[in-house]
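Undergrad: structure here, sequence nowhere to be found:
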């Protein structure tokens, strides 16, 4: 079964306190985004990179600078992440196969997690990486806040992987503010979301501290 990977990168550098969009910041000598794309480049997976169009030229210049030659399709991003993912899905001809949708700034992703995602999506229709909470949590309410049992909650990661036909149909519903990720779009279409064990090292690089942590993980 044909495998696709849509890598979505539309972030800015605001929380990184950088003028350079975070996906282009260097991690161990190469832009974060190159590490992410390389992680999905196996088993004839077709890579689709979704970027804001104004960033195309800069990205291409980085590829030339770092001699980055992994093949991928470059697709224009949209107004929101939902629209960017939809553009990526629309760039895939046909409806047969499996597609993993992954944050461009999650470069520390193990091949075993990706393999498991595709395998489970083929079986269940969807496979969403998640991890149990380590910290205690409280919910805010009118009275202030109250304790909730962390056992009943999961932190959601990417890749979020689906049977292509099902996720394409789900995205036909149009954008809603309540969509926080691809799994929420899938669930809204009436499909069941299947969770599987992710990896605590699969962090989303958002702040300078995250970049330091990622460098440590790469060194392991």
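TA: Nice, thanks for sending it over. Just so it is clear, the model here is predicted, and its values are computed rather than measured.

Undergrad: got any ranges where the protein has weak pLDDT?
TA: Low-confidence segments of the chain (pLDDT under 70): 11-17.

Undergrad: regarding it, what is its longest strand?
TA: strand 154-163 (DSSP state E).

Undergrad: distance from that strand to the middle of the chain?
TA: 8 Å (Cα atoms, centre = their mean, to the nearest Å).

Undergrad: name the residues of whichever helix or strand comes after that strand that are buried.
TA: Where DSSP states H and E defines the elements, the next helix or strand beyond strand 154-163 is helix 164-170. With burial defined by 16 or more other Cβ atoms under 10 Å, the residues of helix 164-170 counted as buried are 164, 166, 167, 168, 170. In this view, the C-beta of every residue, glycine as well, is placed from N, C-alpha and C.

Undergrad: same check, this time on stretch 24-37
TA: Buried, per 16+ other Cβ under 10 Å, within stretch 24-37: 24, 25, 27, 31, 32, 33, 34, 35, 36, 37.

Undergrad: spit out the contact partners of the fourth one.
TA: Spelled out, it's residue 31. Residue 31 sits next to 23, 24, 25, 62, 66 when contact means Cβ atoms under 8 Å, 6 or more residues apart in numbering.

Undergrad: need those residues in JSON lines (columns: distance to residue 79 and secondary structure).
TA: Putting the contacts of residue 31 into JSON lines (distance: Cβ to Cβ, whole Å; DSSP: H, G, I helix; E, B strand; the rest coil) gives the following:
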{"residue": "23", "distance to residue 79": "18", "secondary structure": "helix"}
{"residue": "24", "distance to residue 79": "21", "secondary structure": "helix"}
{"residue": "25", "distance to residue 79": "24", "secondary structure": "coil"}
{"residue": "62", "distance to residue 79": "24", "secondary structure": "helix"}
{"residue": "66", "distance to residue 79": "30", "secondary structure": "coil"}
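
Undergrad: which stretches of this protein form helices?
TA: Using DSSP state H, the helices of the chain run over residues 32-39, 56-65, 81-90, 111-124, 164-170, 182-188, 208-219.

Undergrad: in TSV: those, plus distance to residue 133.
TA: Output for the helices of the chain, formatted as TSV (distance: least, Cβ to Cβ, whole Å):
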stretch	distance to residue 133
helix 32-39	25
helix 56-65	35
helix 81-90	23
helix 111-124	19
helix 164-170	27
helix 182-188	17
helix 208-219	18
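
Undergrad: quick one on the thing from earlier: which one of the buried residues of helix 164-170 is nearest to residue 47?
TA: Nearest to residue 47 among the buried residues of helix 164-170, counting by Cβ to Cβ, is residue 164 at 14.8 Å.

Undergrad: and the closest one, how far from residue 6?
TA: Counting by Cβ to Cβ, to the nearest Å, the gap from residue 164 to residue 6 is 10 Å.

Undergrad: identify the contacts common to the two.
TA: What both residue 164 and residue 6 touch, as defined by Cβ under 8 Å, 6+ apart, is the set 89, 99.

Undergrad: just to revisit the earlier point, for residue 148, find the nearest of the helices of the chain.
TA: helix 182-188 (20.0 Å).

Undergrad: ok now the closest one, how far from the chain's centre?
TA: 14 Å.

Undergrad: equivalent analysis for stretch 136-152, please.
TA: Worked out by Cα atoms, centre = their mean, stretch 136-152 lies 28 Å from the chain centre.

Undergrad: show me the contact partners of it.
TA: 132, 133, 135, 153.
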